[in-house]
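Peer 1: Can you look at this prediction? I've put the sequence above it.
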Amino acid sequence: MARSEETRFPGDVKMTATEEDVGSKDEGSKDVVSPCVPAQTKTSAARGLTAEGPQRVGGERALVSDFKHMKLEKEAQKNWDLFYKRNATHFFKDRHWTTREFEELQACREFESQRLVLLEAGCGVGNCIFPLLEDDLNIFVYACDFSPRAVEFVKQNPLYCPERCCAFQCDLTNDDLRDNVPEGSVDVITLIFVLSAIHPDKMKLALQNISRVLKPGGIVLFRDYGLHDHAMLRFKAGSKLGENFYVRQDGTRSYFFSKEFLAELFEDTGLQSVSNDYVLRETVNKKEGLCVPRVFLQSKFTKPGRPQSS
């Protein structure tokens, strides 16, 4: 991977992210730290808090005003569009790790030459879809994002080809995906660092939307921020919108998932859990004496029913 991503935290330390930290977008400022990252660990148990952790989480009882809450919801698309205006295609790294972490991208085919139909919900500027299109010539990708500017960046990419990819703007909580994707036509849906940006009250609407275009027997591949991730603990007073839900300095928002909340959310939508684990990592810088614990949630859910032949 030629380019590293900067993971921004709400405090005063800027970390240079590694391949596994793709998708992190947390506020920060000053010092650049080059991390040494050990292998990740998967676990069914949530990460425990350090001595000051409960104070950080429990002490932020004051929520932002209802007025600011409504303003952030109303301006959600605008804030993400401004994010892509500032950063263009340079913020996130290409996600070459998806086929390693999610073997279903290959294994779900009934036969080797079968064309895989994939929906990347929340595609950003294409950091996931273009590595997949390069690596797998027998794949067709639908790609949508909340930000019209992000979708334009996808269409401007030299690798974008309408015969293999269809990109469109979509609010997953409001716009019907079936206007662009045939109902029950998708083998695999990826939700990678996407659901966390949606208000918790509207997450079920997004899942109902994607479920309509997923084939019976199809699978949803999920990776996002986990409960007690370092980014969550570094948010300062005045950033808390609700339980496990915060706003960054640029107006974009982030939710931090427990596996129990996520499982219930998917099950209420009629999608069954295949796996649901925390991914624990530590970004360490010995020179600076920093150890940053990252927590992600990596899960797979399926739509009941027999797979349909393509």
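Peer 2: Received the coordinates, thanks.

Peer 1: quick one: secondary structure of the nearest residue to Tyr160 once chain neighbours are set aside?
Peer 2: Spatial nearest neighbour of Tyr160, chain neighbours left out: Val154 (6.1 Å); criterion: CB to CB, 6 or more residues apart in numbering. The C-beta positions use only the backbone N, C-alpha and C, and glycine is treated the same way. Under DSSP: H, G, I helix; E, B strand; the rest coil, the three-state class of Val154 is helix.

Peer 1: Contact partners for Val154?
Peer 2: Residues in contact with Val154 (CB atoms under 8 Å, 6 or more residues apart in numbering) are Cys123, Val125, Gly126, Ile129, Ala143, Asp145, Tyr160, Cys165, Ala167.

Peer 1: Neighbours of Glu163, how many?
Peer 2: 6 (other CB atoms under 10 Å).

Peer 1: can I assume it sits in a strand?
Peer 2: No - judged by three-state DSSP, Glu163 forms no part of a strand; its state is coil.

Peer 1: Just the pLDDT for it.
Peer 2: Glu163 is assigned 92 on the pLDDT scale.

Peer 1: Which of the helices or strands spans Lys71?
Peer 2: Per DSSP states H and E, Lys71 falls inside helix 66-74.

Peer 1: Quick check: end-to-end length of stretch 229-245?
Peer 2: 12 Å (CA to CA, to the nearest Å).

Peer 1: An error on my part: the question was meant for stretch 259-276.
Peer 2: End-to-end distance for stretch 259-276, by CA to CA: 6 Å.

Peer 1: what does that stretch rub up against?
Peer 2: Stretch 259-276 is contacted from outside by 44, 46, 203-204, 207-208, 211, 219-220, 222, 244, 277-278, 297-304, using CB under 8 Å, 6+ apart.

Peer 1: Give me the below-cutoff pLDDT ranges for the chain.
Peer 2: 1-40, 43-61, 67, 75, 77-81, 83-85, 87-113, 285, 307-310 (pLDDT under 70).

Peer 1: Do a quick rundown of the strands in it.
Peer 2: Counting by DSSP state E, the chain has strands at residues 6-8, 13-16, 31-33, 41-43, 116-121, 139-145, 165-169, 186-192, 214-225, 240-242, 245-247, 253-255, 272-285, 290-302.

Peer 1: wait, which of those strands is closest to Leu63?
Peer 2: The closest of the strands of the chain to Leu63 is strand 240-242. By CB to CB, the value is 5.5 Å.

Peer 1: Which positions within the closest one qualify as buried?
Peer 2: For strand 240-242, the neighbour count (16 or more other CB atoms under 10 Å) marks Lys240, Leu241 as buried.

Peer 1: before we move on, what about stretch 191-205?
Peer 2: 191-200, 202-204.

Peer 1: From start to finish, how long is that stretch in a straight line?
Peer 2: From start residue to end residue, stretch 191-205 stretches across 14 Å - CA to CA.

Peer 1: ok, now stretch 185-197?
Peer 2: Start-to-end, stretch 185-197 (CA to CA) is 26 Å.

Peer 1: Same list (the strands of the chain) but as JSON lines, adding distance to Ala76.
Peer 2: Output for those, formatted as JSON lines (distance: least, CB to CB, whole Å):
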{"stretch": "strand 6-8", "distance to Ala76": "19"}
{"stretch": "strand 13-16", "distance to Ala76": "25"}
{"stretch": "strand 31-33", "distance to Ala76": "30"}
{"stretch": "strand 41-43", "distance to Ala76": "31"}
{"stretch": "strand 116-121", "distance to Ala76": "16"}
{"stretch": "strand 139-145", "distance to Ala76": "12"}
{"stretch": "strand 165-169", "distance to Ala76": "13"}
{"stretch": "strand 186-192", "distance to Ala76": "17"}
{"stretch": "strand 214-225", "distance to Ala76": "17"}
{"stretch": "strand 240-242", "distance to Ala76": "12"}
{"stretch": "strand 245-247", "distance to Ala76": "10"}
{"stretch": "strand 253-255", "distance to Ala76": "7"}
{"stretch": "strand 272-285", "distance to Ala76": "27"}
{"stretch": "strand 290-302", "distance to Ala76": "22"}
